[in-house]
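Asker: 3D, please:
(3 chains)
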Amino acid sequence: MQGKTLEQLAEHVGGKVVGDGSVEISAVSTLDQAGPGDISFMTNMKYIGRARTTKAGAVIAGSEIETDAALLVADDPYYALMQIVVQLHGHRRHKKTGISEKASVAETAEIGDGCNVYDFVTVSDNARIGSGCVIYPGVFVGPNVKIGQRCILYPNVVVYDGTAIGDRVIIHANTTVGDDGYGFATQDGIHHKIPQIGCVIIEDDVEIGANCIIERGTLDETIIGRGCKIGDAVAIGHGAKIGPGCLLVPQVGIAGSTTLGHHCLIGGQVGVAGHIKIGNMVRIGAQSGVSNDIPDGASVFGSPAIDGSLGKRAYSLIRTLPAMRKKVRALQKWIEKHDTDLESE
Amino acid sequence: MQGKTLEQLAEHVGGKVVGDGSVEISAVSTLDQAGPGDISFMTNMKYIGRARTTKAGAVIAGSEIETDAALLVADDPYYALMQIVVQLHGHRRHKKTGISEKASVAETAEIGDGCNVYDFVTVSDNARIGSGCVIYPGVFVGPNVKIGQRCILYPNVVVYDGTAIGDRVIIHANTTVGDDGYGFATQDGIHHKIPQIGCVIIEDDVEIGANCIIERGTLDETIIGRGCKIGDAVAIGHGAKIGPGCLLVPQVGIAGSTTLGHHCLIGGQVGVAGHIKIGNMVRIGAQSGVSNDIPDGASVFGSPAIDGSLGKRAYSLIRTLPAMRKKVRALQKWIEKHDTDLESE
Amino acid sequence: MQGKTLEQLAEHVGGKVVGDGSVEISAVSTLDQAGPGDISFMTNMKYIGRARTTKAGAVIAGSEIETDAALLVADDPYYALMQIVVQLHGHRRHKKTGISEKASVAETAEIGDGCNVYDFVTVSDNARIGSGCVIYPGVFVGPNVKIGQRCILYPNVVVYDGTAIGDRVIIHANTTVGDDGYGFATQDGIHHKIPQIGCVIIEDDVEIGANCIIERGTLDETIIGRGCKIGDAVAIGHGAKIGPGCLLVPQVGIAGSTTLGHHCLIGGQVGVAGHIKIGNMVRIGAQSGVSNDIPDGASVFGSPAIDGSLGKRAYSLIRTLPAMRKKVRALQKWIEKHDTDLESE
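Answerer: Take a look at the predicted model:
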């Protein structure tokens, strides 16, 4: 952590200083907790009150807001925030230990230069780990797994046999990659296991949250596309293909054989049925349930999911059902009084 | 992996060859990826286009479909697929290591013949593991746990004290069995823990996905019945009894003290409330919320869950609420114009 | 486990005996499984039939119910049950081993008196663990983590760097505390990771279920307030603040930067959106979806969540939509017949 002037930070992010650019900034903090040596940010007008009263030395914002702090105005203040957190704090440092003697590395496994493989890690037969990786305690790397360069596997991550992981992939603690898909053939009430002979491919620059599950394909691959970011407790079914750049927030479930295009945004607790096709840049609102194909660029909401703007309106009207029911009954009564022939239903 | 002729495979599964039965088949693959030495399958007419253009040497199907590949027609093509995947690929092989010196096995624990207990496994006091089991790295087997024969516990599975597991049970990575149920007695705003003195019983031939949680009973048993197959990230509450042969797909939650009959089919992300009784062969649609008893054989859908066929229709009509509201208002207006006496509501 | 007379138990919990107070009780059991030496309980009139036919020597109840067993009548029978389970069975005992030689404890870490640190545990640099803690196999305690006194961390719990845990905290197996929040700044379709420099604070007397995830704050703290009890598979987003005494049952998701007041009750599979404020003593029904602030004391239900009593009624009327639609159409038809000028919609 090294201090910078606000001017230097503004230059670094291509932003504009409003106020005193010479203020020294050594850390990033929230509007509420920041002090004179800190920079904070405001990307949501909901927090304008806090921006006004912040004790921060400087605030990153998208426009000239009212505050006593010096301002760093950036076109994309959230992106500027990211750059400044990286600049002032950096990413997590990992202890340099090399390969621990308490790790269990198969003779046929290959581990690249500069890796840190901590205690109680298992690296199985024929696994290959690229250079610069960090493998935390309790991680299991199965047979024939390939991991690229500069990946981080946090504690107790389990990677089943045959999984292929790209470069710069981050997987958080207790996540399972490559377990058997949910595949059974039922006869006479007995569910017979179908060997799941497919695998999982995780492309470059993917980050996966904690306690997620990515099943292996039954016959082919489950794919997590380049640059996808997956939240905690997400479950991806066997043979699903998630296109590049998708954002799946926590507790999402994608069933087997379903494909997502690129840059989809999937809200919390969404469920997507199996064997369907979600287009590119599709947005699915939180808790939605999707069981049909969705075209490129569409936005959907609700369970069952429908067009997003209609959906927000339609689901919000469920609250009117008691009143509507009463009204319809009253109308019917009126009509019955005026026409005894009305077909009653 | 050893090759067979299509004729041999058809005999093995009791199916019929249409086309060249002498074609050599060495692997199972998808319609898209299969080559001349592969057999593929089509159980869903949605994929008939792919079946027509597949390069597979043979295709398993339920009837004579149009394709250039030789056909293996079977009454239950999915079951035939299962048999052929087992025949050509087999189930996962586990390295034979015996009991690792890096495992931690209590002196009072008993481990049967032919078990593989890998590194960093803990087997606690008085635990008993039957013959032929495979216990992957990082697994914790608590005190007084009993595990039957030929079970597989994948990495980092945790089995709390007193759990009883039958034969041929498979538990995937990072799953927790037997943690304390959610039981607290609240007084004056303080939640006091009720010791959970019950246990978990998992019967024969159960398979449990990754990152699941099966709570122990408060006083009695949580039971997972014989032959149940449970998907990833499923949570089963304390004292629940799941009947034999049930299928619970990923992210399902069953609250405490609820019982399910046999061969229920529970869709993804379903929630079932506590202290209720679900009958035999009940089907619950994805994302449903169930808080009342359900009789044998019923099919339900929705949150709150209602009869399945009504449910599919009723929930799909939520989208019509804005239009319906408008219509009802128009009707009311018309009537008001014609009768100022109509009781307004 | 030591026997007591019913009289002694009644005294212990401040209850009243109805029937034979001299009956010897050595265990607590369910109404169905209890025998003459057992005490059972009935707190839900749904089970009155079982109470009538129980073979239990005694039954705890809130009033004088009809049963052959002796009765222990207590104002709060569930609280009495808790006291008696503790009295007769106690809480789980943990093997006394001290600090295992197979654990990996950093030289700069401090571990208090009377701790049991089992095999394959990692305690990282500058971690401090208070006296009387039990750290099960496979647990990872990250750098600079502080843990109070008499905490229990079950197997394979992962605690990331900088987390602060109070006294008497219990965390069940495979739970992750302090993983990076879901924070990315997107530019030109690339999602850039924002270093998550905040942390997690877990206050005294919290219990967290298995396979939960508590993300660290982006800049500040994620807080789990004193005495909260959290079920299995719950996901708490970065920077969320959960007030004291809240109950979050399994599979709940609380998104980032949201605050909950004290003693909220959050039902199973509920989703709460980010950046909102839930008041004190709020009750949220199972599977609800909350995306707006909720005032103190409110009860809400449904997805989207609305006032609880309206919600129960309104959502239950979804089932009437097919009939209502038909009725509205019939009414419209009638009116059209009587007024061709009615604006059709």
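
Asker: Return the set of residues that bridge with the residue in the stretch 1-150 of chain A that chain B sits nearest to.
Answerer: Residue nearest to chain B within the stretch 1-150 of chain A: residue A:140 (3.8 Å; Cβ to the nearest Cβ). No exception for glycine: its C-beta is placed from N, CA and C like everyone else's. Per DSSP bridges, the residues bridged to residue A:140 are residue A:122, residue A:158.

Asker: Enumerate every residue touching it.
Answerer: A:121, A:122, A:124, A:157, A:158, A:159, B:136, B:137, B:138, B:155, B:156, B:173 (Cβ atoms under 8 Å, 6 or more residues apart in numbering or on different chains).

Asker: Quick one: distance of stretch A:212-226 to the chain centre.
Answerer: How far stretch A:212-226 lies from its chain's middle: 16 Å, per Cα atoms, centre = their mean, to the nearest Å.

Asker: what's the span of that stretch from first residue to last?
Answerer: 17 Å (Cα to Cα, to the nearest Å).

Asker: Residue A:76: how many residues sit nearby?
Answerer: Residue neighbour count, defined by other Cβ atoms under 10 Å in any protein chain shown, stands at 17 for residue A:76.

Asker: List the contacts of it.
Answerer: Counting by Cβ under 8 Å, 6+ apart, residue A:76 touches A:62, C:185, C:187.

Asker: run the last query once more with 10 Å
Answerer: Neighbouring residues of residue A:76 by Cβ atoms under 10 Å, 6 or more residues apart in numbering or on different chains: A:13, A:14, A:15, A:43, A:62, A:82, A:83, C:185, C:186, C:187.

Asker: what about it, distance to residue C:183?
Answerer: From residue A:76 over to residue C:183 the distance is 15 Å, taken as Cβ to Cβ, to the nearest Å.

Asker: swap in residue A:174?
Answerer: 20 Å.

Asker: With neighbour numbers in mind, choose between the two.
Answerer: The neighbour count for residue A:174 versus residue C:183, taken as other Cβ under 10 Å, is higher for residue A:174 (35 against 26).

Asker: do you know how far the one residue sitting closest to the centre of chain A is from residue A:251?
Answerer: Centroid check for chain A by Cα atoms, centre = their mean gives residue A:230 as the closest residue, at 2.9 Å. Going from residue A:230 to residue A:251 by Cβ to Cβ gives 11 Å.

Asker: Where does the prediction get shaky in chain A?
Answerer: A:1-2, A:340-345 (pLDDT under 70).

Asker: Recalculate using a threshold of 90.
Answerer: A:1-3, A:43-46, A:66, A:334-345 (pLDDT under 90).

Asker: Run through the residues that contact residue A:30.
Answerer: Counting by Cβ under 10 Å, 6+ apart, residue A:30 makes contact with A:38, A:40-41, A:47, A:50, A:54, A:56, C:198, C:217-221, C:239, C:257.

Asker: Next up, the contacts around the closest residue to chain C within the stretch 1-150 of chain A.
Answerer: Proximity of the stretch 1-150 of chain A to chain C (Cβ to the nearest Cβ) peaks at residue A:82, 3.8 Å away. Residues in contact with residue A:82 (Cβ under 10 Å, 6+ apart) are A:13, A:28, A:41, A:76, C:183-187, C:191-195.

Asker: Are any of those buried, and if so which?
Answerer: By neighbour count, with 16 or more other Cβ atoms under 10 Å in any protein chain shown, the contacts of residue A:82 hold A:13, A:28, A:41, A:76, C:183-186, C:191-195 as buried.

Asker: Restricted to helices, list those.
Answerer: residue A:13 (DSSP state H).

Asker: Among the buried ones among the contacts of residue A:82, name the ones in strands.
Answerer: Using DSSP state E, the subset of those located in strands is A:28, A:41, C:184, C:185, C:186, C:191, C:192, C:193.

Asker: Go ahead and confirm the fourth one touches residue A:229.
Answerer: No - with contact defined as Cβ atoms under 10 Å, residue C:185 and residue A:229 do not form a contacting pair (11.1 Å).

Asker: what's the overlap in contacts for the two?
Answerer: Common neighbours of residue C:185 and residue A:229, counting by Cβ under 10 Å, 6+ apart, are C:191, C:192, C:193.

Asker: Okay, the first one and chain B: tell me how far apart.
Answerer: What that stands for is residue C:191. As for residue C:191, its distance to chain B is 24 Å (criterion: Cβ to the nearest Cβ, to the nearest Å).

Asker: Then the second one?
Answerer: Applying Cβ to the nearest Cβ, the value for residue C:192 to chain B is 28 Å.

Asker: Which helix or strand contains residue A:309?
Answerer: If you go by DSSP states H and E, residue A:309 is part of helix A:308-316.

Asker: quick one: that helix to chain centroid distance?
Answerer: Helix A:308-316 sits 24 Å away from the centroid of its parent chain (Cα atoms, centre = their mean).

Asker: Alpha carbons of the longest helix along chain A, as CSV, please.
Answerer: Ranked by residue count and defined by DSSP H, the top helix of chain A is helix A:321-338. Output in CSV follows, covering the C-alpha atoms of helix A:321-338 (Å, rounded to 0.1, in the frame of the first residue of the first chain):
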residue,chain,number,x,y,z
LEU,A,321,-55.9,-10.6,-7.2
PRO,A,322,-58.1,-10.5,-4.1
ALA,A,323,-59.6,-7.1,-5.1
MET,A,324,-59.9,-8.1,-8.7
ARG,A,325,-61.7,-11.3,-7.8
LYS,A,326,-64.2,-9.3,-5.7
LYS,A,327,-64.7,-6.9,-8.5
VAL,A,328,-65.3,-9.6,-11.1
ARG,A,329,-67.8,-11.2,-8.8
ALA,A,330,-69.6,-7.9,-8.3
LEU,A,331,-69.7,-7.3,-12.1
GLN,A,332,-71.0,-10.8,-12.6
LYS,A,333,-73.7,-10.3,-10.0
TRP,A,334,-74.8,-7.1,-11.6
ILE,A,335,-75.1,-8.7,-15.0
GLU,A,336,-76.9,-11.7,-13.6
LYS,A,337,-79.4,-9.4,-12.1
HIS,A,338,-79.9,-7.8,-15.6
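
Asker: what packs against it?
Answerer: On a contact count with 3 or more Cβ pairs under 10 Å, 6 or more residues apart in numbering or on different chains; DSSP states H and E, helix A:321-338 meets helix B:321-338, helix C:308-316, helix C:321-338.

Asker: Could you list the buried residues of the shortest one?
Answerer: To tie it back to what came earlier, the one meant is helix C:308-316. Residues of helix C:308-316 classed as buried: C:308, C:310, C:311, C:314, C:315 (neighbour count, 16+ other Cβ under 10 Å).

Asker: Of those residues, which ones also sit close to chain B?
Answerer: By Cβ under 10 Å from any Cβ of the partner chain, the members of those lying near chain B are residue C:315.

Asker: out of the buried residues of helix C:308-316, which one sits closest to residue C:204?
Answerer: Closest approach between the buried residues of helix C:308-316 and residue C:204, by Cβ to Cβ: residue C:308, at 30.9 Å.

Asker: can I assume that closest one is in contact with residue C:286?
Answerer: No - Residue C:308 lies out of contact with residue C:286 (Cβ under 10 Å); the separation is 11.6 Å.

Asker: those helices in chain A, which residues are they?
Answerer: Under DSSP H, chain A gives helices at A:6-13, A:48-53, A:77-88, A:308-316, A:321-338.

Asker: out of those, deepest packed?
Answerer: helix A:77-88 (a mean of 22; mean count of other Cβ atoms under 10 Å in any protein chain shown).
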